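Chemist: Starting from these lines, generate the structure:
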Amino acid sequence: MIRPVAIFAMALLASQAHGFTTPLMKKRAMGVVRMATEEPAPAAEAVAAEAEDAEAVPEPEPVPAGPTMSRSLPFMEQPEGLDGTMVGDAGFDPMGFSSTFDIRWLREAEVKHGRVCMLATVGFIATDLGLKLPGDVHQVSSVAAHDAAVQSGAMAQLLLWIGVAEVWGAIAIKEMILDDSGRMPGDFKLDLDGSFAKMSDEEKATMQLKELKNGRLAMIAFGGLVTQAVLSGKPFPF
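Modeler: Got it, this is the predicted structure:
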């Protein structure tokens, strides 16, 4: 855009045709025209502002994510050792055992106690309903069976055979944790018909979860059975 000063300068040059200008006046008029038609140089402040705008704006630091809460106890943080990769892991560890002990050892103990309690629950109820071994020593209720086994010496046999099973289990646990054998907790290769080995990974996980849930329920159930039997002094169903 040509400003008014440029128009004046052009008019001054045009007057040359009528002989009113001198060489010096023409020179000055040409300079004015050149300055008027050129784009004005940006001010120092504008240059500085453009330089600042050209600089990359640093991205704001991401807001740190909050703690992950336990699925089973939403008011508590999820323990570090329970990352959900193990079947049946719902983040339930209010005492923090998984932060102290190897999670594989804890799962081994859980599976073992669950299996024992599933057998014990069935045996407790079956005995009280009349399914007993022959002989006078066995004709007692489930609650009284412990003292009767101690008096007859049968408890020593139970201790012997359970001790053998515990030694076998201890070797398997040692290989799993110390030797990192890749063994899954509770796996003693007792797949007699080979059906478990033929299952897909998803089917295996489903079966493992079923066993785990039934074992957890049996641990609670057996505790309730014994408590009710002792308090009531009666056999099942009390």
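Chemist: Can you list the residue ranges for helices in the protein?
Modeler: When assigned using DSSP state H, the helices of the chain occupy the ranges 4-14, 23-37, 44-54, 103-128, 145-152, 154-177, 201-232.
Chemist: Buried deepest among the ones you listed, which one?
Modeler: The highest mean neighbour count among the helices of the chain belongs to helix 103-128 (a mean of 17), with neighbours defined as mean count of other CB atoms under 10 Å. For glycine as for every other residue, the C-beta is placed from the backbone atoms N, C-alpha and C.
Chemist: Helix 145-152 and that one, what's the angle between them?
Modeler: What separates the directions of helix 103-128 and helix 145-152 is an angle of 90 degrees, with axes from the mean of the first three to the mean of the last three CA atoms, to 10 degrees.
Chemist: Could I get the phi/psi values of the most centrally placed residue in the chain?
Modeler: In the chain, the centroid-proximal residue (CA atoms, centre = their mean) is residue 83; its distance is 3.3 Å. Recorded main-chain torsions at residue 83 are phi -100, psi 10, according to degrees, to the nearest 10.
Chemist: ok, for it, nearest residue in space, not its chain neighbours?
Modeler: In this structure, residue 83 finds its nearest non-sequential neighbour in residue 89, 7.5 Å apart by CB to CB, 6 or more residues apart in numbering.
Chemist: how deep is that neighbour tucked in, by neighbour count?
Modeler: Counted with other CB atoms under 10 Å, the burial measure for residue 89 works out to 20 neighbours.
Chemist: okay, stretch 137-155 in CSV with CA atoms only?
Modeler: Taking only C-alpha atoms (Å, rounded to 0.1, in the frame of the first residue of the first chain), the coordinates of stretch 137-155 have been written out as CSV:
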residue,chain,number,x,y,z
VAL,A,137,-12.9,-97.2,67.4
HIS,A,138,-14.5,-95.6,64.4
GLN,A,139,-18.0,-95.3,65.7
VAL,A,140,-17.6,-91.7,66.9
SER,A,141,-18.7,-88.3,65.6
SER,A,142,-16.4,-86.2,63.4
VAL,A,143,-15.5,-83.9,66.3
ALA,A,144,-14.7,-86.8,68.6
ALA,A,145,-12.6,-88.5,65.9
HIS,A,146,-9.4,-86.6,66.7
ASP,A,147,-9.2,-87.7,70.4
ALA,A,148,-10.2,-91.3,69.4
ALA,A,149,-7.5,-91.4,66.8
VAL,A,150,-4.9,-90.2,69.4
GLN,A,151,-5.9,-92.8,71.9
SER,A,152,-5.9,-95.7,69.4
GLY,A,153,-2.6,-94.7,67.9
ALA,A,154,-4.1,-94.0,64.4
MET,A,155,-2.9,-90.4,64.6
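Chemist: Now do it: distance to the chain's middle.
Modeler: How far stretch 137-155 lies from its chain's middle: 47 Å, per CA atoms, centre = their mean, to the nearest Å.
Chemist: Likewise for stretch 72-84?
Modeler: Per CA atoms, centre = their mean, the displacement of stretch 72-84 from the mean C-alpha position of its chain is 7 Å.
Chemist: Any chance you could list what contacts that stretch?
Modeler: Applying CB atoms under 8 Å, 6 or more residues apart in numbering, the contact partners of stretch 72-84 are 67-71, 89-94, 96, 98-99, 103.
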